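Q: Attaching a predicted model along with its sequence, questions to come.
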Amino acid sequence: MANRLPLHERHVAAGAKFESLSDWELPVAYGNPAEEYALVRRGVGLLDRGHFGLLELTGRDRAAFLHALVSNEVKALGPGQGCAATLLDIHGKVQVVLFVWVADDRILVVTPPAMAQKTAEALDHYLFSEKVAIRDVSGETALLVLAGPKAPETSERLTGARPPESQWSQAAGKLGETPVRLVSGGRETGEAEVWIAGPASEAPRMWDALVGAGARPVGLAAFDALRIEAGTPLFGHDVDESVLLPEIPFANLVSETKGCYPGQEVVVRIRDRGHVNRMLRGLLLDGDEVPPHGAEVVADDTSVGQVTSAAWAFGLERPIALAFVRRQHAEPGTRVSIRLGGRAVAASVSALPFIR
């Protein structure tokens with residue numbers, strides 16, 4: 001049986017229709033996905049991230065320890081700052097994508113769904129004499145996201161604070177009587193985002209306060225359209241342990257000036273002396289059919305790639321997809337086809353994001 005979000009009953013009350021995804025029963029839509037999409041593009045929508053993981057690192061060596069293991073700068077971040085980063089293996093392949101939030105006395109690490117324990121074990125593997133404690137606090141923390149151009153002002157109106165605009169920067173506020181951490185997101189929808197982290201016991205009150213202030217919930221159908229239009233790969237769908245970091249858009253995940261970390265040699269070697277054989281690109285499809293995950297991309301009857309995510313793009317009024325495409329066919333504008341059953345649907349390669 002699929003896991004349910006802690007706020008499952010709130011989603012039911014909001015009229016959600018559910019689907020199972022990665023062992024979680026998640027809301028796909030609350031009515032009309034096009035209207036939910038428009039909320040995020042023009043106003044503010046509400047996303048439930050109750051299935052994401054959260055680790056807490058404490059101890060005097062926490063920053064230096066994490067800095068030595070992930071692809072982005074951590075040691076130079078001060079309290080209230082943060083970054084997105086990856087944990088790679090020695091071959092430069094992505095083991096997990098993380099969001100790092102630096103607080104006064106701890107570092108919080110947000111993981112994708114079902115990845116908290118695995119990430120904690122991977123970090124612990126490198127822990128020797130450093131003074132660091134790693135604890136999974138996923139069940140103790142509620143994670144909600146306001147997304148849309150009105151997210152920052154909605155955050156400020158409700159909590160008395162808004163985080164700085166730089167990605168993963170943080171501020172403290174109060175939602176009613178509940179102390180919360182406010183974090184500027186990574187614009188995975190293409191719009192401003194404010195993550196709101198608070199005690200899990202207060203999650204229903206937090207949800208009710210946000211909905212009461214006009215932040216309507218947004219389901220997976222609208223979210224996928226938003227993030228794919230924004231060119232945001234999703235760990236577990238577009239990115240997994242078979243993917244080299246340089247195969248995906250990674251500028252916001254890497255520091256070019258920091259010291260060594262596992263997999264860095266491969267990343268630098270590809271940057272300076274080589275190239276990857278495939279690249280994550282967008283596809284603009286002809287017609288009106290959305291391809292499934294894993295659909296084959298072909299050119300001249302030869303397989304040249306595979307679809308990783310796809311959606312109906314409400315902003316473009318056509319199907320779009322993210323796909324790994326061989327380097328020789330990855331130039332934007334290149335014509336390819338996607339095999340759907342016994343048919344081939346024409347498409348063109350697009351740079352990312354689709355919508356700026």
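A: Arrived safely.

Q: Look at Glu73 and say how many residues are nearby.
A: Neighbourhood size, Glu73 [other CB atoms under 10 Å]: 18. Using the backbone N, CA and C atoms, a C-beta is placed for each residue, glycine as well.

Q: any idea of the mean pLDDT in stretch 178-191?
A: The average pLDDT within stretch 178-191 is 97.

Q: tell me which residues in that stretch are buried?
A: Counting neighbours by 16 or more other CB atoms under 10 Å, one finds that the buried residues in stretch 178-191 are 178, 180-191.

Q: now Val97: how far from Thr111?
A: 8 Å (CB to CB, to the nearest Å).

Q: Tell me both backbone torsions, phi and psi, for Glu25.
A: Dihedral pair for Glu25: phi -90, psi 110, per degrees, to the nearest 10.

Q: ok, the nearest residue to it once chain neighbours are set aside - contacts?
A: Spatially, and ignoring its direct neighbours in sequence, Glu25 is nearest to Ala2 (4.2 Å; CB to CB, 6 or more residues apart in numbering). By CB atoms under 8 Å, 6 or more residues apart in numbering, the residues touching Ala2 are Ser20, Asp23, Trp24, Glu25.

Q: quick one: which of these is nearest to Ala84?
A: Ala84 lies nearest to Trp24 out of the contacts of Ala2, by CB to CB, at 21.9 Å.

Q: Would you check that the closest one makes contact with His8?
A: No - with contact defined as CB atoms under 8 Å, Trp24 does not reach His8; the gap is 10.1 Å.

Q: Just the CA atoms of the helix or strand encompassing Val94, as CSV, please.
A: Assessed by DSSP states H and E, Val94 sits inside strand 94-102. Taking C-alpha atoms only, strand 94-102 is exported to CSV below (Å, rounded to 0.1, in the frame of the first residue of the first chain):
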residue,chain,number,x,y,z
VAL,A,94,24.3,11.6,-9.3
GLN,A,95,23.4,9.7,-6.2
VAL,A,96,21.0,12.4,-4.9
VAL,A,97,20.1,16.1,-5.4
LEU,A,98,19.9,18.0,-2.1
PHE,A,99,18.9,21.4,-0.8
VAL,A,100,21.1,22.7,1.9
TRP,A,101,19.9,25.2,4.5
VAL,A,102,22.4,26.6,7.0
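
Q: Just send the buried residues of stretch 178-191 back as CSV, with distance to Val267 and secondary structure too.
A: Below are the buried residues of stretch 178-191 laid out as CSV (distance: CB to CB, whole Å; DSSP: H, G, I helix; E, B strand; the rest coil):
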residue, distance to Val267, secondary structure
Thr178, 41, strand
Val180, 36, strand
Arg181, 31, strand
Leu182, 32, strand
Val183, 27, strand
Ser184, 26, strand
Gly185, 25, coil
Gly186, 20, coil
Arg187, 23, coil
Glu188, 22, coil
Thr189, 27, coil
Gly190, 26, coil
Glu191, 29, coil
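
Q: Pro79: which of these is nearest?
A: For those, the nearest to Pro79 is Arg181 (11.5 Å; CB to CB).

Q: so the closest one bridges to which residues?
A: Taking DSSP bridges as the rule, Arg181 bridges to Ala172, Ala197.

Q: before we move on, back to that, just the buried ones from the contacts of Ala2, in PyMOL syntax?
A: Typed into PyMOL, the line below selects the buried ones among the contacts of Ala2, using 16+ other CB under 10 Å:
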select buried, resi 24+25
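
Q: just checking, which of the contacts of Ala2 belong to strands?
A: In strands, defined here by DSSP state E, the members of those are Ser20, Trp24, Glu25.

Q: So which residues of the protein form helices?
A: Under the criterion DSSP state H, the chain contains helices at 8-13, 33-42, 62-67, 116-125, 151-159, 203-212, 220-229, 264-273.

Q: re earlier: and which of the ones in strands among the contacts of Ala2 is nearest to Arg318?
A: Nearest to Arg318, judged by CB to CB, of the ones in strands among the contacts of Ala2 is Ser20 at 27.6 Å.

Q: Many thanks, have a good one.
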